[in-house]
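In: sequence and predicted structure, then a few things I'm wondering about:
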Amino acid sequence: MGRPEGRGGRRLRLPGRGWRDGGGSLGTPGGAVPLEIAASSRARRRGLLGRDGITGALLITPTNSVHTFGMRFPLDVAYLDRSLTVLAVVAMRPGRLGMIRPRGRHVLEAEAGAMAVWGLRPGVRVTVDPTPAG
């Protein structure tokens, strides 16, 4: 199975291909949200550990599961498929292990309660606009 083709037979760029650690903007039904992107192995391992909170959201890619061991605050976690459609949104207290989502390719993390305000629920598709480095 190859990559999907767009108009004129050109291949479409799949979401998440070539993402790098950094910032950006998350498009949600509730509006744009500041975004941090953790795409490297080191950044994915670090996640939100050692922080007291986050403004906006953290996108961890690629992954289909997370944990909250060592976290200082409760989280909302949204599991996304490869097209950035929300598969599930769960609340996680510190010290928990999240379920593996076989269709999941990315995870969004935010402070507890934020995702309801942004209108994130299963079936909603988000957009990611990475801030160019440099």
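Out: Thanks, I have the structure now. Computed from a predicted structure; not experimentally measured.

In: R105 versus V86, what's the distance?
Out: 12 Å (C-beta to C-beta, to the nearest Å). The C-beta positions use only the backbone N, C-alpha and C, and glycine is treated the same way.

In: need the overlap of contacts for the two.
Out: Contact criterion C-beta atoms under 8 Å, 6 or more residues apart in numbering; residues shared by V86 and R105: L80.

In: next, V77: secondary structure please.
Out: strand (DSSP: H, G, I helix; E, B strand; the rest coil).

In: residues of the helix or strand encompassing V90 that come out buried?
Out: Taking DSSP states H and E as the criterion, V90 maps to strand 86-92. Across strand 86-92, burial judged by 16 or more other C-beta atoms under 10 Å covers 86-87, 89, 92.

In: which one of those residues is nearest T28?
Out: Relative to T28, the closest of the buried residues of strand 86-92 is V86; by C-beta to C-beta it sits at 9.7 Å.

In: what bridges to the closest one?
Out: L80 (DSSP bridges).

In: residue contacts, it?
Out: So V86 contacts 78-80, 120-126 (C-beta under 8 Å, 6+ apart).

In: got the buried residues for the least confident helix or strand in the chain by mean pLDDT?
Out: None of the helices or strands of the chain scores lower by mean pLDDT, DSSP states H and E than helix 41-46, at a mean of 80. Of all the residues in helix 41-46, those buried under the rule 16+ other C-beta under 10 Å are 43-44.
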